[in-house]
Structure formats: structure tokens, C-alpha cells
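Chemist: Sequence isn't available, so here's the structure alone:
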């Protein structure tokens, strides 16, 4: 029987995670940092003395978190890491300690990776040439601001990224950091690309078949391929997922109204915000472990382990 | 010296043409029909007895018309046809008669062509398969409604066409005609294409290097090419232009605010609404004279003649 207390708890967890669910503008790394704070809040405020109750709270939070942004592999892997840590312990104190350690490790990887990725990215930017950046990725923004801080002068070309317009957030963030930006609407990206020496995009997840990223990334990749402009995806290894997980984004349609508010009768709206870009269409994947091609992924992806609790999650 | 009367006349011509200048939703054929009415208004209301004054009014109108929508070849060729007709005559009555004849001929080509193009297009639609249609083209809409009227059942996939959203006009027009439509945002077009058996697009102009059409057509063509989906451009021969004219659209940037109203400091907006799609990326060009490939164009384009008055027009 589900008690009133459990329903209250579930409601509270949903409430804690709702800013992440509603956030269509932030990149994966930003959302993962927010999710770490949510887990810390759950751990800090739980006053149960029953280890099963605490583990169930963490399982519920993990499930809700994954469901809030199903394409974001960092959130899935963060939830994994917390549940794997919790499963190792048998007392409330040990569960809290193990989970806090897992959260600290995850945060360290997120933060340290950006600097390593930036070091690789700067060497792939042809001096003086315009850089294309797609959608919003905090990793891409950090890399570009870092290059600027190191004295590199370059312009960035980008597009708005309908329907959530997170490309405008990228443009504003870079402009505020002293980088000159040229932006246009999404379908006009092919007009800016011929002026660019390299293109960067973030990732929401990385698997054997390719990169999952914001809708429009596939067209960008096709155009870069056709125009022989190197295109790099930037991702730390917290976004790596196995074959079961990588197509999860396909099951999620967002509200029609986000695309067209007063759709006429007879018109149906497709609002899928992510798509897969096959590895064949990108030049390389920049991670904190180095510049990867498709075959470099294998050892990382085959080493992924998913706790039983999450294997049955239909998010 | 420019008289007050001339300034008044010029203002009036600009006023007559301003609905065409402001219209970002209509296809080329629709705008050409409107422009015919403008020329008829000029001819009908002119009460001058001086043939030079009348010719100058027509030249001004032609120049203004071309300037109002520089990518629309039908308008350029309509203006041409009127000036060529006017140049043949030496009296006010003869100018009016010759011009009216030219306008009637142009209108007949516009109207008859649609039916012929529709007859070719229907045979290129694989029965039962979804059709992709890009941006707004009255020719494409007519062809699809015609196929539906002939008992063909099919769904149409399209996108909104930022920033003017004329793709929504296409969706609404087709849905009102009983065709089921699936629409999405522009950058997600590659998600709908794999379900389509053929793709159609209109044209704003056709020249030796390729087709000029709404921004985004290049990405559509690349994606169709990659996915092996036949892509046909639909255009009557009134849109054929010579090499000097075909890149004219590149000189025209529309207001930044149409793309992003409150652009932050440091961000510049590119708002170019047309782009060139090389012939290599399209399967064929459907005209009222038949299904054309690149080499079929030559005899039509080399036969084009442009009156001296317009050769110096810097629109």
C-alpha cells in the first residue's frame, strides 16, 4: 500500500526536479550540476533511519531525473552513479557517504573535463577563421571563451535554434564575453558555413551509432561534410551510453504548442528536439580523454554498467 | 529638373507596389498576378497625351517592381515584357495596346502553366507515399490540391519556414483542401524526410547555375540527395533569368528585426531569405514545357532579351 507520506515524498521530488524538466535552454553539463544539488538536497534532508526507505527515495529521484530530460545522457549516468554507490552500502550513514562521494566524483569530472576539452579545441581552430557553433552547449561556450581569454581573435557564426531559441542564449553569452557573433535563422546556416574554418557542437549523448544532439545537428553535419568544414562534437565521457539507451530520445515528443500555438485542423506537429548524427558525418569527438574517433569509444561504452534498478526504468 | 508632378507620380507608383514589397508569404506566381494588376492600373489611369511621359511611367513602375522583390524572376520578366512591348510603339494608344497584350500573354502563361506542371508532377508522386513540400509556392499548392482532386490520397510533410513562416501558410492551405499535413520546425526537416517518397519546392528564379529559392532549400536538397529522395523544383518559364540576374538576390539583406527583435550588443544578424541550389542537387525541374534537366535550360536562357532600360537598373 502506498502511504500518504510516500505520495508527499514523490511530489516533493518532482518539485525539486521541475526546473530541470522545464529547462530547454541549458546544456547537459549545466543540468547535471543542478541535478547534483538535487541529490545533495535529498540526502541532506532525509531523516529516516531505515536504509531501504533512503534507497527508495534515491531510486525515485533517479527515475524522475532521467524522465525529466530523456536525451541527456549525463543525467542518466549521474543517476546510475548514485544508485551504484547506494547499492554498495547497507546503513543509512554509509549510503549517504557513498552517494556523496559519487556526486563529488561526478562534479569533478564535469568541471575538470571542460578545461581539457578546451585545450584540445583551441588547437583545432584555424587562426583568424570564423567558428560555427550550434545550439547551446556550456562546454562549447567555455571552450570559445577560453580561447578568447588566451588571446585568440575570431568571430562565431550561429543560428537561433527554434523552437526553444537556445542558440540566442549562446550568441548572447559569447557576445557578453567579447566575441563578435553573427547569427541567422536555422535554415540559413548554409549561408554562414562557407565563411567558417571549423564547426563545434555539444552533445546530449554519445553511443556506438553516433552523437545525439539538438535537432538541426544532422543538417549541420551534412552541410559541413559537403563543404569540407571540420565538425567536432564536444563531450565529456559522462555522456557515453550503451546501445539500449542511445535511441531513448526517439520516444519523446514535446508539446505541439511549442512549435505552433494555433495549429489549424488537419495539421499535426512533430516536436522532437533531438536527433542522431552518425559518426561518419563528424570529424571527431573531443573528450577529456583526448580526440576520439568511432573506434576509440568501444572500450568506454563496453565498460558502462547500469544498476538493476534502472534497467527496468521506462522513462 | 524634377517637377512636383513627377514626385507625386513616383510616390503613387511606390504606393501601388507596396503590398508586393511587404508580402513575404506569397509565392512568385501570386505576386506576378498582383503586379499585372498594378501595370493595368498605371495604363488605365494615365491620361497623358505624350508617349514619352507614359513610357517613363512604365519604366519607373518596372524599376520599382523589380526593386520590391529582387529574387523574384517572374516580376523581373514581367517588367521586361512590358518595357519591350512599350518600346515597340510610338503613340500613347499603341503603347497601351501593346502593353495590355503583353500583360495578357504573361497572365495566360502563368495560369496555363500550373495545369501543365500539375500533370507532370502527379506522375512523379509515388502512390500512397508522403510528399515533402518546402516553403510556400502557389504552384506546389495547386499541384497537390489538383492531385487530391484527382482522387490521390497522400500526406504532406512541411516545415514552418522561419522567419516569415510562409510554410504555415502552405500547411493551412493544404489542410483546408483536405490534405493531411505534418509540420515541424525547419531544422527538424531531416526527421520527416525519411518517410517521404518525393519532395517538391517552388522557385523564385532559375538560371544556368541552378535554382534560387527560399533559404533552407539548400539544406533540403542536401538531405534529399543524401537520403536518395527525388527532389523536383516546380517553375514556369517566366522565372528563367540570365547569368547577370541570377545572383541579384545576394545583394539584398532584409531587416535584422525580422529574425531577432532585441539583438544584444555584439551580435549581428544575417537575414537573407533566398539561396542558390545547384542543379546537381535536384532531380529535375518541372516546367510547363516538360521535365527539364540542366542542359534543357540553355535554349530558353540564351533566348532571353532584356530591354536597355532595365539593363542599367541597379535594384
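Modeler: Structure's in. What do you need? Please read these numbers as outputs of a predicted model, since none were measured by experiment.

Chemist: per the record, what domains does chain A have?
Modeler: A:4-113+A:306-311, A:115-302 (automatic domain parsing).

Chemist: Of the ones you listed, which is nearest residue B:183?
Modeler: domain A:115-302 (5.7 Å; C-beta to C-beta). The way it works is simple: take the backbone N, C-alpha and C, and place the C-beta from them, glycine included.

Chemist: Endpoint to endpoint, the closest one covers what distance?
Modeler: 26 Å (C-alpha to C-alpha, to the nearest Å).

Chemist: Give me the average confidence score over it.
Modeler: Averaged across domain A:115-302, the pLDDT comes to 95.

Chemist: Let me know how buried residue A:129 is, in neighbour terms.
Modeler: The number of residues packed around residue A:129, counting by other C-beta atoms under 10 Å in any protein chain shown, is 13.

Chemist: do the same with the one 5 residues further on
Modeler: Counted by other C-beta under 10 Å, the residues lying close to residue A:134 total 29.

Chemist: Against chain B, how distant is it?
Modeler: Computed as C-beta to the nearest C-beta, to the nearest Å, the residue A:134 to chain B distance reads 9 Å.

Chemist: Ok, residue A:287 next?
Modeler: For residue A:287, the distance to chain B - C-beta to the nearest C-beta - is 25 Å.

Chemist: Could you do residue A:254 as well?
Modeler: 11 Å.

Chemist: Same check on residue A:85?
Modeler: Taken as C-beta to the nearest C-beta, the span from residue A:85 to chain B is 37 Å.

Chemist: Just the buried positions in the helix or strand that residue falls within, please.
Modeler: Using DSSP states H and E, residue A:85 sits in helix A:73-88. Residues of helix A:73-88 classed as buried by neighbour count (16 or more other C-beta atoms under 10 Å in any protein chain shown): A:73-87.

Chemist: Can you show me the strands along the stretch 1-150 of chain A?
Modeler: A:130-134 (DSSP state E, counting those that start in this stretch).

Chemist: Point out where it drops to low pLDDT.
Modeler: A:1-3 (pLDDT under 70).

Chemist: That one: helices as residue ranges?
Modeler: A:4-22, A:28-45, A:51-68, A:73-88, A:92-122, A:138-149 (DSSP state H, counting those that start in this stretch).

Chemist: Kindly report the same for the stretch 151-300 of chain A.
Modeler: Using DSSP H, counting those that start in this stretch, helices in the stretch 151-300 of chain A cover A:166-176, A:189-192, A:217-227, A:243-246, A:294-302.

Chemist: With mean neighbour count and distance to residue A:272 as extra columns, can I get those in JSON lines?
Modeler: Shown next, in JSON lines, are these (neighbours: other C-beta atoms under 10 Å in any protein chain shown; distance: least, C-beta to C-beta, whole Å):
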{"stretch": "helix A:166-176", "mean neighbour count": "22", "distance to residue A:272": "15"}
{"stretch": "helix A:189-192", "mean neighbour count": "23", "distance to residue A:272": "19"}
{"stretch": "helix A:217-227", "mean neighbour count": "23", "distance to residue A:272": "12"}
{"stretch": "helix A:243-246", "mean neighbour count": "16", "distance to residue A:272": "15"}
{"stretch": "helix A:294-302", "mean neighbour count": "12", "distance to residue A:272": "24"}
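
Chemist: got these as a markdown table, with distance to residue A:112 columns?
Modeler: Below are the helices of the stretch 151-300 of chain A laid out as a markdown table (distance: least, C-beta to C-beta, whole Å):
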| stretch | distance to residue A:112 |
| --- | --- |
| helix A:166-176 | 21 |
| helix A:189-192 | 32 |
| helix A:217-227 | 26 |
| helix A:243-246 | 24 |
| helix A:294-302 | 17 |
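
Chemist: And the ones you listed: which comes nearest chain B?
Modeler: helix A:166-176 (3.2 Å; C-beta to the nearest C-beta).

Chemist: ok, that closest one near chain B or not?
Modeler: Yes - using C-beta under 8 Å from any C-beta of the partner chain, helix A:166-176 reaches chain B at A:168, A:171, A:172, A:174, A:175, A:176.

Chemist: same for that helix, what does it pack against?
Modeler: Contacts defined by 3 or more C-beta pairs under 8 Å, 6 or more residues apart in numbering or on different chains; DSSP states H and E place helix A:166-176 against strand A:130-134, helix A:138-149, strand A:156-159, strand A:181-184, strand B:267-269.

Chemist: Dump these into a markdown table; add distance to residue B:13 as well.
Modeler: Listed next are these as a markdown table, based on distance: least, C-beta to C-beta, whole Å:
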| stretch | distance to residue B:13 |
| --- | --- |
| strand A:130-134 | 42 |
| helix A:138-149 | 49 |
| strand A:156-159 | 38 |
| strand A:181-184 | 33 |
| strand B:267-269 | 31 |
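
Chemist: Quick check: which of those is nearest to residue A:121?
Modeler: So among those, helix A:138-149 is nearest, using C-beta to C-beta, at 4.3 Å.

Chemist: so how far is the closest one off the chain centroid?
Modeler: Between the mean C-alpha location of helix A:138-149 and the chain-wide mean there is a distance of 17 Å, by C-alpha atoms, centre = their mean, to the nearest Å.

Chemist: which residues are in contact with that helix?
Modeler: A:26-30, A:113-115, A:117-118, A:121-122, A:125, A:131, A:133, A:154, A:156, A:170, A:173-174, A:177-179, A:200-202, A:234-236 (C-beta atoms under 8 Å, 6 or more residues apart in numbering or on different chains).

Chemist: List the buried residues in that helix.
Modeler: Neighbour counts over helix A:138-149 (16+ other C-beta under 10 Å) mark A:138, A:139, A:140, A:141, A:142, A:143, A:144, A:145, A:146, A:147, A:148 as buried.

Chemist: One more: stretch A:236-256?
Modeler: Neighbour-count burial for stretch A:236-256, counted by 16+ other C-beta under 10 Å, picks out A:236, A:237, A:238, A:239, A:240, A:241, A:245, A:246, A:248, A:249, A:256.

Chemist: closest to chain B among these?
Modeler: residue A:256 (9.4 Å).

Chemist: and the closest one, what does it touch?
Modeler: A:263, A:268, A:269, A:271.

Chemist: Type out the ChimeraX command that picks the buried ones from those residues.
Modeler: Command for ChimeraX that selects the buried part of the contacts of residue A:256, burial taken from 16+ other C-beta under 10 Å:
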select /A:263,269,271
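
Chemist: Pipe the contacts of residue A:256 into a markdown table and attach distance to chain B per row.
Modeler: Formatted as a markdown table, the contacts of residue A:256 follow (distance: C-beta to the nearest C-beta, whole Å):
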| residue | distance to chain B |
| --- | --- |
| A:263 | 8 |
| A:268 | 5 |
| A:269 | 6 |
| A:271 | 7 |
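
Chemist: and of the contacts of residue A:256, the nearest to residue B:105?
Modeler: residue A:263 (41.2 Å).

Chemist: Now for the closest one: which residues touch it?
Modeler: With C-beta under 8 Å, 6+ apart, residue A:263 has these contacts: A:256, A:269, B:183.

Chemist: Chain B versus the residue nearest to residue A:177 when sequence neighbours are not counted, what's the distance?
Modeler: Once flanking residues are discounted, residue A:177 sits nearest to residue A:145: 4.6 Å by C-beta to C-beta, 6 or more residues apart in numbering or on different chains. Distance of residue A:145 to chain B, given as C-beta to the nearest C-beta: 13 Å.
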